[in-house]
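Trainee: Mind folding the following:
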Amino acid sequence: FGGSMAKKQAKEGGAEDAEFAPKDGAGLDDEDTLAEEERLDAEAGESKKEKEISRLEEEADLPIEEVLRRMQEGAPAGDDDEEEEEA
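Mentor: Alright, predicted model coming up:
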């Protein structure tokens, strides 16, 4: 029953059932496009890695006074570790 229905629809569909074929070589550069996108992603990833490494190297060279100052600026007011240790 199902098979004969599909054959009937295929006969009636005609050109609509033909397999898609891109015109003027429109689908020929898919591999090139994918390769280019992968290359750009890899370059962006390397750029991010280089920036992160550079930032970490700069932080590693900071004087201890600057590190302590930044830590104090980032700590919420009234946050005292000694009180937590006593409790």
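Trainee: for residue 33, helix, strand, or coil?
Mentor: Using DSSP: H, G, I helix; E, B strand; the rest coil, the structure places residue 33 in helix.
Trainee: Do a quick rundown of the strands in the protein.
Mentor: Remark: no strands are assigned in the chain by DSSP state E.
Trainee: where does it have low pLDDT?
Mentor: 1-16, 22-29, 77-87 (pLDDT under 70).
Trainee: same thing but at 90, please
Mentor: Counting by pLDDT under 90, the ranges of the chain that qualify are 1-50, 67, 70, 74-87.
Trainee: Tell me the spacing between residue 42 and residue 34.
Mentor: 13 Å (CB to CB, to the nearest Å). Placement of C-beta: from N, CA and C, glycine included.
Trainee: mind listing the helices for this structure?
Mentor: Along the chain, counting by DSSP state H, helices occupy 2-13, 30-60, 64-74, 81-86.
Trainee: need the ones you listed in TSV with mean neighbour count and distance to residue 20, can you?
Mentor: As requested, these are arranged in TSV below (neighbours: other CB atoms under 10 Å; distance: least, CB to CB, whole Å):
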stretch	mean neighbour count	distance to residue 20
helix 2-13	9	14
helix 30-60	10	13
helix 64-74	9	58
helix 81-86	7	67
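Trainee: Tabulate these (TSV), appending distance to residue 19.
Mentor: Shown next, in TSV, are the helices of the chain (distance: least, CB to CB, whole Å):
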stretch	distance to residue 19
helix 2-13	12
helix 30-60	16
helix 64-74	62
helix 81-86	70
